[in-house]
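Engineer: My questions are about this predicted structure, shown below with the sequence.
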Amino acid sequence: MASSLSASKGRTGRRSRADEPKDSPGRALRQAVYRLVARIPRGQVATYGQLATLAGFPGRARQVGYALAGMPEDLELPWHRVINAQGKVSPRTNSKFHELQYSLLEQEGIVFVENRIDLRQYLWNPQVVGPLPGKTATAADLRARVDQAPLPVDCGRCPKQD
């Protein structure tokens, strides 16, 4: 019995995502975050907290970071366009991915001043999101409206639309 349990666990000793229930909040957050990240246009950025709110999980910026850190390698999403609320690239422990992130953002024309991005200039502002006329938007309303937005045409790293 112990051997079959250990086979379903990853190298961290936790259960793998394949064992995660399809209706779990963690899975829903990851899927929503990945859909949103795919829509961030070239030359713009989003913050972890912004994505959490747009995904319908306000206050869960850290979980957005975990979702991106654990993103499957075969997903070609513009992860580098996600930064912290201070307009800075968040350094990673035991990794040089933050250096790659700086480089990728600079290649897209984003300017850093003292390692900070001017969010007034570069922050993604999806026009499809907002309260519907006459009512307050729910998290489900926001997700549905973002999901209906087209993917950016110039995003060479984004998955193809169906």
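Structural biologist: Looks like it arrived, so ask away.

Engineer: for this protein, longest helix please?
Structural biologist: Assignment by DSSP state H gives helix 25-37 as the longest helix of the chain.

Engineer: After that helix, which helix or strand is next?
Structural biologist: Once helix 25-37 ends, the next helix or strand along the chain (criterion: DSSP states H and E) is strand 46-47.

Engineer: What average pLDDT does that next one get?
Structural biologist: For strand 46-47, the mean per-residue pLDDT is 97.

Engineer: Any chance you could list what contacts it?
Structural biologist: The contact list for strand 46-47, computed with CB atoms under 8 Å, 6 or more residues apart in numbering, reads 36, 37, 40, 61, 81, 82, 83, 84, 85, 119, 123, 124. Using the backbone N, CA and C atoms, a C-beta is placed for each residue, glycine as well.

Engineer: any idea where the helices of the protein begin and end?
Structural biologist: Under DSSP H, the chain gives helices at 2-7, 25-37, 48-54, 61-69, 97-107, 119-122, 139-148.

Engineer: can you redo these as a markdown table with distance to residue 113?
Structural biologist: Formatted as a markdown table, the helices of the chain follow (distance: least, CB to CB, whole Å):
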| stretch | distance to residue 113 |
| --- | --- |
| helix 2-7 | 50 |
| helix 25-37 | 25 |
| helix 48-54 | 21 |
| helix 61-69 | 23 |
| helix 97-107 | 12 |
| helix 119-122 | 10 |
| helix 139-148 | 30 |
